[in-house]
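Visitor: My questions are about this predicted structure, shown below with the sequence.
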Amino acid sequence: MEIIGFILAFIIGITLGLVGAGGSILTITVLVYILGVSPTMATTYSLFIVGVTSLVGSIDYFRKDLVDLQKGLFFSFPAFIMVFLMRKFVMPHIPEVVYQSADFTVSKNLMVMLIFAVLMIGASYSMIRSNKKPSEQIGHKVSYWMIFLEGILVGILTGFVGAGGGFMIIPAMVVFAKLPMKKAVGTSLLIITINSAFGAIGDFSAGIALDWYFLTKFAILTIAGILMGSYLSKKIDGDQLKPAFGWFVLIVGCWVIIKELLLH
């Protein structure tokens with residue numbers, strides 16, 4: 001299973017390079033269900049893996065002048081504060097058993113996976129309807145208040161489930177920041193890098209120990225994948241792939257809910 005997991009790590013990188021979103025969603029799924037990492041630890045691993053991978057991808061987009069630093073940093077400010085607070089103060093204090101009755105127990109891991117699955121379904125909706133033309137979405141005025149509020153929401157979700165939030169960041173960059181799609185993808189990778197870094201810092205300061213050998217192997221493969229995806233993006237329109245990827249994410253999200261509630 002480990003070999004399959006590492007092959008999928010490369011595919012995760014390709015997806016992130018082509019679509020600009022979905023890296024964390026696939027990473028956590030592979031870590032939990034293929035490599036047997038606990039859901040809580042998988043959120044920590046995901047922050048590191050996706051953060052490093054997004055950093056490499058954002059550098060590549062920056063070289064192509066496809067990153068809006070000003071709007072990216074404005075979005076990141078409330079987001080990374082919320083990520084850090086969630087990882088440093090909220091997650092360590094959630095009890096291992098959140099709810100218990102005679103017939104049903106909700107553990108911390110189960111709660112994380114169920115919220116993660118709901119997030120996947122939300123992400124799938126965003127991706128499926130991404131075939132809407134940018135001209136139909138973009139208005140006339142940049143909405144900095146909406147960018148700020150979206151940053152807070154993305155920070156909370158990233159901090160809780162370890163997902164980078166690219167599926168929320170990219171539409172926000174297009175609709176509220178008025179960026180063209182490719183620049184929105186590049187700016188999204190920058191934001192994911194910053195958010196993931198502060199999330200990882202929150203975990204480190206909370207004393208969470210990591211398997212650095214495992215993380216390095218996984219991260220190297222995802223980095224190789226994102227470089228391949230960035231190269232393929234010149235030949236393949238990532239916007240055309242998003243709806244199909246969205247349907248895949250929807251199926252996986254529903255499967256996670258069924259597995260956790262009925263087959264656990």
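Guide: Nice, I can see it. Given the structure is predicted, the values throughout are model-derived calculations rather than measurements.

Visitor: Leaving out chain neighbours, which residue sits closest to Glu96?
Guide: Leaving aside its sequence neighbours, Glu96 sits nearest to Lys108 (CB to CB, 6 or more residues apart in numbering; 5.1 Å). For every residue, glycine as well, the C-beta is placed using N, CA and C.

Visitor: same check, this time on Phe62
Guide: Nearest-residue entry for Phe62: Gly186, 6.9 Å, with adjacent residues in sequence omitted and distances by CB to CB, 6+ apart.

Visitor: returning to that earlier point: ok, the residue nearest to Glu96 touching Thr43?
Guide: No: checked against CB atoms under 8 Å, the pair Lys108 and Thr43 is beyond contact range at 10.8 Å.

Visitor: Those two: which has the busier surroundings?
Guide: Shown here are Lys108 and Thr43; by other CB atoms under 10 Å, Thr43 has more neighbours (28 against 16).

Visitor: How about the more buried one: what's its closest non-neighbour residue?
Guide: Excluding the flanking residues, the one nearest Thr43 by CB to CB, 6+ apart is Gly162, at 2.9 Å.

Visitor: Am I right that that neighbour is in contact with Thr44?
Guide: Yes: taking contacts as CB under 8 Å, Gly162 lies within contact range of Thr44: 6.6 Å.

Visitor: which residues touch the residue nearest to Glu96?
Guide: For Lys108, the contacting residues are 40, 94-98, by CB atoms under 8 Å, 6 or more residues apart in numbering.

Visitor: Go through those and say which is closest to Leu232.
Guide: Using CB to CB, Thr40 comes nearest to Leu232 of the contacts of Lys108, at 33.7 Å.

Visitor: Is it correct that Tyr99 falls within a helix?
Guide: No: remark: Tyr99 does not belong to a helix; assigned using DSSP: H, G, I helix; E, B strand; the rest coil, it is strand.

Visitor: May I have the residues that are in contact with it?
Guide: By CB under 8 Å, 6+ apart, the contact set of Tyr99 is 105-106.

Visitor: let's see 7 Å
Guide: Listed by CB atoms under 7 Å, 6 or more residues apart in numbering, the contact set of Tyr99 reads Val106.

Visitor: Now Ser46: closest residue in space, sequence neighbours ignored.
Guide: Leaving out its chain neighbours, the residue that sits closest to Ser46 by CB to CB, 6+ apart is Gly162, at 3.9 Å.

Visitor: Hmm, the one you found is touching Ile28, no?
Guide: Yes: judged on CB atoms under 7 Å, Gly162 makes contact with Ile28 at a distance of 6.2 Å.
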